[in-house]
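J.: here is my input; please provide its structure:
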Amino acid sequence: MQLRLKLLGLWACVVVLMAASCSPDTQSAQFVAQHPIVYGLTLQPSGFDPHRNASSELGIVLRQVYDTLVYRNPENDEIVPGLAQSWTISDDGMTYTFVLRQGVTFQDGSPFNAQAVATNLDRITNPETASQRAVFMLGPYAQYEIVDEYTIRLLLSEPYTPLLDSLSQVYLGIASPASFDAVSVDRYQFHQVGTGPFSFVEYIPGDRLVLRRNTAYNWGPSFYRVATDASVDEITFRFFTDPPTRSLALESGEAQVMGELPPIDARTLSGNSTLQIVPVGVPGQPFQFLINMNRFPTDTLGVRRALIVGTNRNAIVDAVYQRFSPVAWGPLTAGTLYYNRELTGVYAHDTAQAQALLQEAG
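T.: A predicted model of the protein is given here:
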């Protein structure tokens with residue numbers, strides 16, 4: 001058995017935005033959409049199929065192209081309508097009935113309806129698709145029933161409380177069935193067609209991915225802002241796999257947004273008035289060490305407790321993460337749904353207590 005020693009509630013994304021104005025009288029860095037923008041990613045993608053990929057960073061790209069049946073409102077964590085305008089859950093928790101939004105079209109002009117949702121579910125659960133994250137997120141999903149053109153039921157083999165949250169994730173985004181027919185499973189990695197606010201334009205391996213605003217889009221969730229003439233027309237995602245190049249790209253104006261920076265670089269750039277540093281919380285598990293509970297000396301509870309209270313997590317956050325990360329007090333980061341804030345301060349750093357525990361353990 002292993003025990004996990006939590007160290008940092010890691011904020012994996014330290015986002016940097018270029019200010020709208022670089023004039024000498026600028027009092028503060030305020031990001032305003034430019035027509036287009038360049039967004040820096042830290043990875044070199046091998047494809048963009050939401051049903052096959054598991055990368056959290058690629059989710060930023062995919063969210064522009066795809067809508068989901070429901071959304072989680074980032075302001076209050078409530079599940080709100082997406083492509084499904086309403087839903088009901090049976091008393092036994094095993095049947096979810098979704099009434100779909102009408103008047104929605106995919107970026108290729110084909111209609112969105114219950115059959116489109118069904119085709120996506122068939123694709124995700126088909127072993128030939130080799131789905132990673134998406135099929136896992138469906139949990140005990142068993143089958144669907146098409147009630148009518150805009151109503152579909154999802155039947156489960158057992159109750160599954162996280163289903164709505166799963167359906168809000170872009171890895172279960174709804175793609176155009178017509179696009180599946182147009183290309184092979186492997187080619188769809190580079191032929192993305194959804195109902196989202198941006199359309200897939202081109203992908204140049206090793207260089208860029210270009211998305212263009214979907215001017216027909218008017219069915220986003222309630223917390224989306226309505227597009228105006230000031231909205232972003234085009235997003236170019238560039239790939240900066242070498243960390244030092246990210247800061248240079250921002251300072252030179254090559255990129256307006258960088259999705260992630262090393263903390264030391266973020267601290268350096270925080271003194272640049274033309275840039276705005278925005279720490280972004282990432283839900284899930286924090287960075288942690290695993291302790292083997294079956295081997296000496298960590299097979300003793302007192303030793304394990306001594307390791308936990310003897311670790312100065314605040315000092316690590318200050319020195320390594322430049323104070324851009326909060327301390328982790330439990331098995332989940334503070335940005336995770338249902339995070340228990342009462343854990344704050346549990347097993348706080350106490351050198352004297354750690355020494356006493358070790359002496360007691362012998």
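J.: tell me which stretches of this structure form helices.
T.: Across the chain, reading from the start of the chain, the helices by DSSP state H fall at 58-65, 114-125, 133-137, 163-167, 177-182, 243-252, 263-269, 301-310, 313-319, 351-361.
J.: distance of the most centrally placed residue in the chain from S166?
T.: Most central residue of the chain, judged by C-alpha distance to the mean C-alpha position with Cα atoms, centre = their mean, is S56 at 4.8 Å. Distance of S56 to S166, computed by Cβ to Cβ, to the nearest Å: 15 Å. All C-beta spots, glycine's among them, are computed from the backbone N, C-alpha and C.
J.: CA-only coordinates of stretch 97-112, as PDB, when you get a sec.
T.: Coordinates of each C-alpha in stretch 97-112 appear next as PDB, following Å, rounded to 0.1, in the frame of the first residue of the first chain:
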ATOM      1  CA  THR A  97     -33.400  12.300 -20.900                       C
ATOM      2  CA  PHE A  98     -32.100  15.200 -22.900                       C
ATOM      3  CA  VAL A  99     -34.200  17.600 -24.900                       C
ATOM      4  CA  LEU A 100     -31.900  19.100 -27.500                       C
ATOM      5  CA  ARG A 101     -31.600  22.600 -28.700                       C
ATOM      6  CA  GLN A 102     -33.100  23.200 -32.200                       C
ATOM      7  CA  GLY A 103     -31.700  25.400 -34.900                       C
ATOM      8  CA  VAL A 104     -28.100  24.300 -34.300                       C
ATOM      9  CA  THR A 105     -25.900  23.400 -37.300                       C
ATOM     10  CA  PHE A 106     -22.400  22.000 -37.500                       C
ATOM     11  CA  GLN A 107     -19.700  24.000 -39.200                       C
ATOM     12  CA  ASP A 108     -20.100  21.900 -42.300                       C
ATOM     13  CA  GLY A 109     -23.800  22.900 -42.600                       C
ATOM     14  CA  SER A 110     -25.200  19.600 -41.400                       C
ATOM     15  CA  PRO A 111     -28.000  19.600 -38.700                       C
ATOM     16  CA  PHE A 112     -27.500  18.900 -35.100                       C
END
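J.: gap between that stretch and the chain center?
T.: For stretch 97-112, the distance from its own C-alpha centre to the chain's C-alpha centre is 24 Å (Cα atoms, centre = their mean, to the nearest Å).
J.: what residues does it touch?
T.: With contacts defined as Cβ atoms under 8 Å, 6 or more residues apart in numbering, stretch 97-112 is touched by 65, 67, 69, 81-90, 113-114, 116-117, 147, 150-154, 174-179, 193-196, 199-200, 214, 216, 219.
J.: now, those residues that are in strands?
T.: For the contacts of stretch 97-112, the ones inside strands are 81, 84-89, 147, 151-154, 199-200, with DSSP state E as the criterion.
J.: PyMOL command for the buried members of those?
T.: The command below creates a PyMOL selection of those among these that count as buried (16 or more other Cβ atoms under 10 Å):
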select buried, resi 81+84+87+151+152+153+154+199+200
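J.: how many neighbouring residues does the residue lying closest to F48 once chain neighbours are set aside have?
T.: Spatially, and ignoring its direct neighbours in sequence, F48 is nearest to Q192 (5.4 Å; Cβ to Cβ, 6 or more residues apart in numbering). The number of residues packed around Q192, counting by other Cβ atoms under 10 Å, is 27.
J.: so what's Q192 up against?
T.: Remark: with contacts taken as Cβ under 8 Å, 6+ apart, Q192 is in contact with F48, D49, L62, V65, Y66, A175, S179, F200.
J.: not counting its own residues, what contacts stretch 78-95?
T.: Stretch 78-95 has contacts (Cβ under 8 Å, 6+ apart) with 67-73, 96-101, 104, 112, 117, 153-161, 164-165, 168, 174, 195, 219, 221-223.
J.: quick one: low-confidence parts of the stretch 1-150 of the chain?
T.: 1-35 (pLDDT under 70).
J.: repeat that with 90
T.: Using pLDDT under 90 as the threshold, the predicted model of the stretch 1-150 of the chain has low-confidence ranges 1-36, 43-48, 53-58, 74-77, 132.
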